[in-house]
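> Build me a model:
(2 chains)
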Amino acid sequence: MIRKTIVIENKLGMHARPATMIVKIASKFRSEFRIIKGDMEINGKSIMGVMTLAAEYGSELELIADGVDEEYLIREITELFASKFGEE
Amino acid sequence: MIVKRIKGISVSDGVAIGYARIVEKEHIHIETKKISKTAVNKELKRFHKDVEYVINELNIFIQDDSFSKENRDILTTHKMILQDPAFIKRVKELITQKLFSLEHAVSTYFTEVVNIFDAMENEYYSQRLTDFEDVAYRLLSHSMNKSKDVLAKLDDKSILIMKNITPSFVTKVFEKNIRGLCTEKGSKNSHSSIIARSMNLPMLVGISGLLENINEGEQIIVDGNNGEIIIFPSSNVLAEYKSIYLQESQQRKKLQKLINVKAITLDNKEITLMSNIELPEEIDQVIKNNSRGIGLFRTEFLFMDTEKLPTEEEQYKIYKKIAETLAPEPVIIRTIDVGGDKLSSILNVVHEENPNLGFRGIRISLENIPIFRRQIRAILRANTQGNVKIMFPMISGVEEILQVKKIIEECKKELKKKKITFYEDIEIGAMIEVPSAVITSDALAEECDFLSIGTNDLVQYLLAVDRDNESIASYYKSCHPSVLKAIKQTVDNAHAKGIKVAVCGEMASDTQYVKLLLGLGVDELSVSPGRILMTKNEIINCHVQNWAELAEELMELKTSDEIYERLNDSKNYE
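The predicted structure follows:
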C-alpha cells in the first residue's frame, strides 16, 4: 500500500473535468484507489465520489493505492495533479 | 375565463397561435410499486442493457468532433457517471434488496446524490446538479421510452412549454414544425435563444410562473412582438391575433420567394448581403436563406461560460468547418470582442468603473498576446479555401491596426516555419464603432482591405448613451445627424482608397434604415440569418441614386426628429 499527500494547485479546484481525468486514469489500474480529504474517504475510481469531495484550490488530499500496480497508479495520478489538469 | 397575459423576454419577433404542449423533464412518472422477487434478474438485465445503450448513444456524440470540446467533455463526464462503480452498486442493491423497479432505483440513487450536492455551499458544485439531472433523465427516458413520446406529441400546431431548453432540443423541435416556444428560464442571448432567433421561431423566455399557469392542450398565443403570452384568449383577442398572424405569414411567404433573387437594387447596384452569426449551429440558416457568406462571425462563444481557454486546434477546427462549408463565399471572422467582465473565469480581470470605456474588444487581445496569437494562427490555418477574412473590434485608430498587422505577419512566419500551408493573402478589416475611428477612417482605409461599421456601438459611443440603460433609452437615436454624417464620412474615406464598407449592426436589418444606408453609399450589409430576406426585400426595392440624393437632404437637417419624419415621408418619395 502506498500513501501520498498532495495539494490541489489548479485554481478552479476539482470540478467535473479534473474529476473525470482522475477517474479515467485510476480506472486503468487494477489496484484499489482511495482518496481522503479531512474526515471523508471515497473511492477514487468513482466519479461521483471524486466530485463529492468538493476539493477546492489549496486543499490537501491523501491518495492511497493498494494492489499490484499501486506504484504506477500513484505516479500517474501525481503527474496529473502536477500538470494542474492542463489548465493555464 | 378571463384573458390572462404574462410578460416574458422576447427572443424573436412574430406571433404564434397554437396549443400548449408541456414538456417537463421533472415530470417523469416513476412507478414506485415493488417488483416480485422472480423479476429481479429481469430488472438487472434491463439495467445493464439500458446503461449500455445510453453509453453507446453518448459515445456517438463524444466522438463527433463537430461538437465543441467543451460539450464533449461534459458528455464524457456523463458517461463516467453511468460507469461509476458506486452508481452500479447502489442501483443493483436497491433492485435486489428493496425490490425497486429499475426506474425507481435509478431515480432514488440520483435523488440521494442530488441531496449531497445540494448541501454543498460551493456554487460550482451545486451547478453540477444539472449534469446529474441530465444523466438521470437520459437513462430514465430511455428506460421508459420517454424521449420519443415527447417529440411524438409535437406537431405543427404546437407551442412548446418548458422550464428550460437546451440548444440541441431547439433544433429537434424545430424539425417538428412547432409554432412557438416558451420557457420559464433562459435569457435573450442564451445559445438556445440565438438558435431560435436565427430560425425565426417565435420564442419567449424568462416567463415567471409559466408552468403553473398553463395547462396541456390549451390554446395560447405567443406574442414575440410585445413580449407576452396570452392564456384563455377571448374570441376578440383571438381574432385580432389571427389577423396579425395571417399578415405575418403572408409576408413570410412573399419573402420566401426572394430566396433565389439576387440582392440588386432598382438601379442595378449589386449589394453583398451576408449573415452575422454567433454560433456554428447557425450555419444551417445561413445556407437556407441563401446569404452571400458571413459578414460577421462572432467568436465570443468560444471564450464565454468556459473554464478553459480554447486551444488553437479547437478554434481551427471550428473556423475551418464554417469556412469550407461556405466557400467560395467570404467568411469574416471577428477576433474576440467581449467586455473583460465576461471573461473573469479565464483571465485575471480587475473591476472596472466604466467597462464600456474599458478593457474590451481589441484591447483584450493586445493585452493578452498569447491568446490573440493563438486565435490569429487558428484563423490563418482555417483559410484553406482563400475565403476567410479577419476583422478587429473596437479599433480606435491606426496604431492598433499596425500592431495587429505586425502580429499577423509574425504568425504567418511561425506557421511557415512549421511547414503548414495556408493562403497567405488574407484580407483584414477594422470595425468602425468608436468615434475616433470615424474621424481617422481615411488613415484606417489605407491600412485595411475593408471597413465594417458596427452601428450599435457607434451610436452608443457617438451619443454617449448606454443602450442598456432604460432611463436614457430615448437618447439613443439611430438617425441622429451625427450618425448619418459618421457613416457618410467613413464611406467616402473608404471609397477614396478603393475599399468597401459594410454595416453589420442592427441598422443593417432595420427596414427603416436599409435604403438610407445604401443611399449613404454602404456596399455590403450583414444581418442575422433570420433577417436576410426582409433586408433583401428592401434592397431590391431601393433606387440607390434617389436615396443618395435623399441622404444628402437628410444630412442638412438639424435634429433626429426632422430626419425621422422626413424618412417616414420618403415612402411617398419613391
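
> Give me the most central residue, chain A.
Geometric centre of chain A, nearest residue: residue A:22, 5.5 Å, by Cα atoms, centre = their mean.

> how close does that residue sit to residue B:142?
Relative to residue B:142, residue A:22 is positioned 28 Å away (criterion: Cβ to Cβ, to the nearest Å). Any C-beta I mention is one placed from the backbone N, CA and C, and that applies to glycine too.

> can you check residue B:496 too?
64 Å.

> Settle it for me: which of these two has more neighbours?
Applying other Cβ atoms under 10 Å in any protein chain shown to residue B:496 and residue B:142 shows that residue B:142 carries more neighbours, namely 17 against 12.

> show me what contacts that one?
If you count contacts by Cβ atoms under 8 Å, 6 or more residues apart in numbering or on different chains, residue B:142 has them with B:50, B:53, B:54, B:57.

> do residue A:67 as well
Listed by Cβ under 8 Å, 6+ apart, the contact set of residue A:67 reads A:29, A:30, A:31, A:32, A:73.

> Where do the domain boundaries of chain B fall?
B:4-26+B:150-248, B:29-143, B:257-573 (automatic domain parsing).

> I'd like the ones you listed laid out as JSON lines, including mean pLDDT.
Listed next are these as JSON lines, based on pLDDT from 0 to 100:
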{"stretch": "domain B:4-26+B:150-248", "mean pLDDT": "89"}
{"stretch": "domain B:29-143", "mean pLDDT": "80"}
{"stretch": "domain B:257-573", "mean pLDDT": "92"}
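
> any chance of the ones you listed in CSV, with distance to residue A:39 too?
CSV is the format used below for those (distance: least, Cβ to Cβ, whole Å):
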stretch, distance to residue A:39
domain B:4-26+B:150-248, 34
domain B:29-143, 15
domain B:257-573, 28
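
> Check what contacts the strand or helix carrying residue B:494 and list those residues.
Assigning secondary structure by DSSP states H and E places residue B:494 in helix B:481-496. Applying Cβ under 8 Å, 6+ apart, the set of residues contacting helix B:481-496 from outside is B:432, B:435, B:438-439, B:441-442, B:444-445, B:450-451, B:453, B:455, B:458-459, B:462-463, B:477, B:500-501, B:503, B:516-517, B:520-522, B:551, B:554-555, B:557-560, B:563.

> Could you check how far residue B:544 is from residue B:494?
16 Å.

> Repeat that for residue B:38.
Counting by Cβ to Cβ, the gap from residue B:38 to residue B:494 is 81 Å.

> Then residue B:542?
Using Cβ to Cβ, residue B:542 is found at 20 Å from residue B:494.

> who in chain A is up against chain B?
Contact residues, chain A versus chain B (Cβ under 8 Å from any Cβ of the partner chain): A:12-13, A:15-17, A:19-20, A:23-24, A:43, A:45-49, A:51-52, A:54, A:56, A:86-88.

> hang on, the earlier thing: between residue B:38 and residue B:494, which one's more packed in?
The neighbour count for residue B:38 versus residue B:494, taken as other Cβ under 10 Å, is higher for residue B:494 (26 against 7).

> got a list of contacts for the host helix or strand of residue B:249?
Element membership for residue B:249, per DSSP H and E: helix B:235-256. For helix B:235-256, contacts defined as Cβ under 8 Å, 6+ apart pick out B:3, B:14-17, B:200, B:219, B:221, B:223, B:230, B:233, B:533-534, B:536-537.

> Pull out the buried members of those residues.
Buried members of those, scored by 16 or more other Cβ atoms under 10 Å in any protein chain shown, are B:14-17, B:200, B:221, B:223, B:230, B:233, B:533-534, B:536-537.

> picking that back up, so in that sheet, which strands flank the helix or strand following the helix holding residue B:249, and in what orientation?
Following helix B:235-256 in sequence order, the next helix or strand is strand B:272-277 (DSSP H and E). Using DSSP bridges, strand B:272-277 pairs in its sheet with strand B:294-298 (parallel), strand B:524-527 (parallel).

> Take these and write them to CSV, including distance to residue B:338.
As requested, these are arranged in CSV below (distance: least, Cβ to Cβ, whole Å):
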stretch, distance to residue B:338
strand B:294-298, 9
strand B:524-527, 19
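
> Put together TSV for the ones you listed, with mean neighbour count on each row.
Below are the strands paired with strand B:272-277 laid out as TSV (neighbours: other Cβ atoms under 10 Å in any protein chain shown):
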stretch	mean neighbour count
strand B:294-298	26
strand B:524-527	27
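
> who wins for proximity to residue B:114 among these?
strand B:294-298 (35.4 Å; Cβ to Cβ).

> Need the nearest residue in space to the residue nearest in space to the middle of chain B, chain neighbours excluded.
With distances taken as Cα atoms, centre = their mean, the residue of chain B nearest its centroid is residue B:194 (3.0 Å). The spatial neighbour of residue B:194 that comes closest, neighbours along the chain excluded (Cβ to Cβ, 6 or more residues apart in numbering or on different chains), is residue B:278 at 5.1 Å.

> can you pull the contacts of that neighbour?
So residue B:278 contacts B:194, B:298, B:300, B:301 (Cβ under 8 Å, 6+ apart).

> Quick check: helices, which of the buried ones among the contacts of helix B:235-256 are part of them?
B:533, B:534, B:536, B:537 (DSSP state H).

> For residue A:35, which residues count as its bridge partners?
Beta bridges link residue A:35 to residue A:42, residue A:63, judged by DSSP bridges.

> my guess is residue B:452 is in a strand, correct?
Yes: per DSSP: H, G, I helix; E, B strand; the rest coil, residue B:452 lies within a strand segment.

> any idea which of the contacts of residue B:142 is closest to chain A?
residue B:54 (15.1 Å; Cβ to the nearest Cβ).

> Tell me, how many residues neighbour the closest one?
Neighbour number of residue B:54 under other Cβ under 10 Å is 20.

> Secondary structure class of the nearest residue to residue B:226 once chain neighbours are set aside, three-state.
Nearest residue to residue B:226 in three dimensions, chain neighbours excluded: residue B:10, at 7.5 Å (Cβ to Cβ, 6+ apart). Using three-state DSSP, the structure places residue B:10 in strand.

> Residue B:10: what's it in contact with?
B:188, B:203, B:204, B:224, B:225, B:226, B:227 are the contacts of residue B:10 under Cβ under 8 Å, 6+ apart.

> Nearest to chain A among the residues you listed?
Taking Cβ to the nearest Cβ as the measure, chain A lies nearest residue B:188 of these, at 27.1 Å.

> Wait, the closest one touches residue B:11, no?
Yes: using Cβ atoms under 8 Å, residue B:188 is in contact with residue B:11, at 5.9 Å.

> Among these two, which residue is more densely surrounded?
The neighbour count for residue B:188 versus residue B:11, taken as other Cβ under 10 Å, is higher for residue B:11 (27 against 14).

> so the more buried one makes contact with residue B:198?
No: with contact defined as Cβ under 8 Å, residue B:11 and residue B:198 do not form a contacting pair (10.5 Å).

> Please report phi then psi for residue 2.
You didn't say which chain, so I picked chain A. Main-chain dihedrals, residue A:2, degrees, to the nearest 10: phi -120, psi 140.

> That one - how many residues pack around it?
By other Cβ under 10 Å, 14 other residues sit near residue A:2.
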